[in-house]
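Novice: Predicted model follows, preceded by the sequence.
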Amino acid sequence: MPYYIYKITPGPTDLTKSLEKLEQHDSFKEAKLRARGMRAAMGDSDAFIIKVMFADNELDAEEKLMEKREQPILREWEK
């Protein structure tokens, strides 16, 4: 399964965001290094996120990126 690099731009609400596939890599190491380089090149005024997603295909990757995830519960000792 390939690794996809996406540019995620927030929308007006949490449920709407714009996804743009930038690249596709066969190994995690390549994808990780490329995504780090992209993040380092971002400016302070850039309002998007670069993410790496492991999925069967582009549709699966986009579905995983669009799903609403619960915030983790902080334990007393983690505060």
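Specialist: Good, I have the coordinates.

Novice: Going toward the C-terminus from the top helix by length along the chain, what's the next helix or strand?
Specialist: Longest helix of the chain, by residue count under DSSP state H: helix 28-41. Going down the chain from helix 28-41, the next helix or strand is strand 49-54, by DSSP states H and E.

Novice: Tell me the secondary structure at residue 63.
Specialist: State at residue 63, reduced to three classes by DSSP: H, G, I helix; E, B strand; the rest coil: helix.

Novice: For the closest residue to residue 15 other than its chain neighbours, grab the count of nearby residues.
Specialist: Leaving aside its sequence neighbours, residue 15 sits nearest to residue 68 (CB to CB, 6 or more residues apart in numbering; 7.0 Å). Glycine gets a C-beta too; all of them are placed from N, C-alpha and C. Using other CB atoms under 10 Å, residue 68 has 6 neighbouring residues.

Novice: Now for the residue nearest the centre of the chain: which residues touch it?
Specialist: Geometric centre of the chain, nearest residue: residue 51, 2.4 Å, by CA atoms, centre = their mean. Contacts for residue 51 (CB atoms under 8 Å, 6 or more residues apart in numbering) come out as 5-6, 8, 35, 65.

Novice: What subset of those is buried?
Specialist: For those, a burial check counting by 16 or more other CB atoms under 10 Å picks out 5-6, 8, 35, 65.

Novice: which of those sit farthest apart?
Specialist: Maximum pairwise distance among the buried ones among the contacts of residue 51 (CB to CB): 13.5 Å, between 35 and 65.

Novice: Quick check: residue 26 vs residue 55, distance?
Specialist: Here residue 26 is placed at a distance of 13 Å from residue 55 (CB to CB, to the nearest Å).

Novice: residues shared between the contacts of the two?
Specialist: Common neighbours of residue 26 and residue 55, using CB under 8 Å, 6+ apart, are residue 2.

Novice: So between those two, which is more surrounded?
Specialist: Higher neighbour count among residue 26 and residue 55: residue 55, with 16 against 10, using other CB under 10 Å.

Novice: Might one say that the more buried one is in contact with residue 6?
Specialist: No: Residue 55 lies out of contact with residue 6 (CB atoms under 8 Å); the separation is 10.3 Å.
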